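Novice: Any chance you can model this:
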Amino acid sequence: MSSELRPHRVDLRRRRTRSVILPLVIFLPPAVLGGGCSPPQVDPEHRELILRLATATSARDSQLLEAVAEDLKAHRAAGTLGGAQHAAFEAIVTAGRTDDWDQAQRRAYALRDAQRPTQAEVDRLKSRPLPPPKRLNDG
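Specialist: All right, here's what the predicted structure looks like:
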């Protein structure tokens, strides 16, 4: 076998490998590939808790953090806080309790920034009355 054929064979192997791997990468869910672990959407009635956690973690205030943790416990006991939401909140609280304030703050801000308005919130904003525009005095 001549050395001229070998580069061609290597190229064919690469093409075959790409033809198998590329569809897997495209069609596998992001969680399988190690990404896509975005924070959950929190029910609108619990979004205040996100802001309180963001405040507690940015201030590095364990008393504020524990006050939010108590409220989370009460919501969980009442059954008003879902599993994924509760897990996201608890991860923030746990990081703060272990004095990893940077991680707690990153998680709180990521949770805050991941929230999207509900359709009811969008509709309410669209239907709100706007004040008349202010006019500049022609002086």
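Novice: Could you tell me how many residues sit around residue 115?
Specialist: Residue 115 has 14 neighbours, counted by other C-beta atoms under 10 Å. Placement of C-beta: from N, CA and C, glycine included.
Novice: Pull up the gap between it and residue 134, please.
Specialist: Counting by C-beta to C-beta, to the nearest Å, the gap between residue 115 and residue 134 amounts to 32 Å.
Novice: Report the buried residues of stretch 94-113.
Specialist: By 16 or more other C-beta atoms under 10 Å, the buried positions in stretch 94-113 come out as 95, 96, 101, 103, 104, 105, 107, 108, 109, 111.
Novice: can you put those residues in CSV and add secondary structure, pLDDT and distance to residue 62?
Specialist: Putting the buried residues of stretch 94-113 into CSV (DSSP: H, G, I helix; E, B strand; the rest coil; pLDDT from 0 to 100; distance: C-beta to C-beta, whole Å) gives the following:
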residue, secondary structure, pLDDT, distance to residue 62
95, helix, 97, 12
96, helix, 97, 7
101, helix, 96, 9
103, helix, 97, 15
104, helix, 97, 11
105, helix, 97, 13
107, helix, 97, 16
108, helix, 97, 14
109, helix, 97, 18
111, helix, 96, 19
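Novice: what's the farthest-apart pair in these?
Specialist: Using C-beta to C-beta, the two most remote members of the buried residues of stretch 94-113 are 101 and 111, lying 15.3 Å apart.
Novice: in which helix or strand would I find the nearest residue to residue 72 once chain neighbours are set aside?
Specialist: In this structure, residue 72 finds its nearest non-sequential neighbour in residue 89, 5.2 Å apart by C-beta to C-beta, 6 or more residues apart in numbering. Assigned by DSSP states H and E, residue 89 belongs to helix 83-97.
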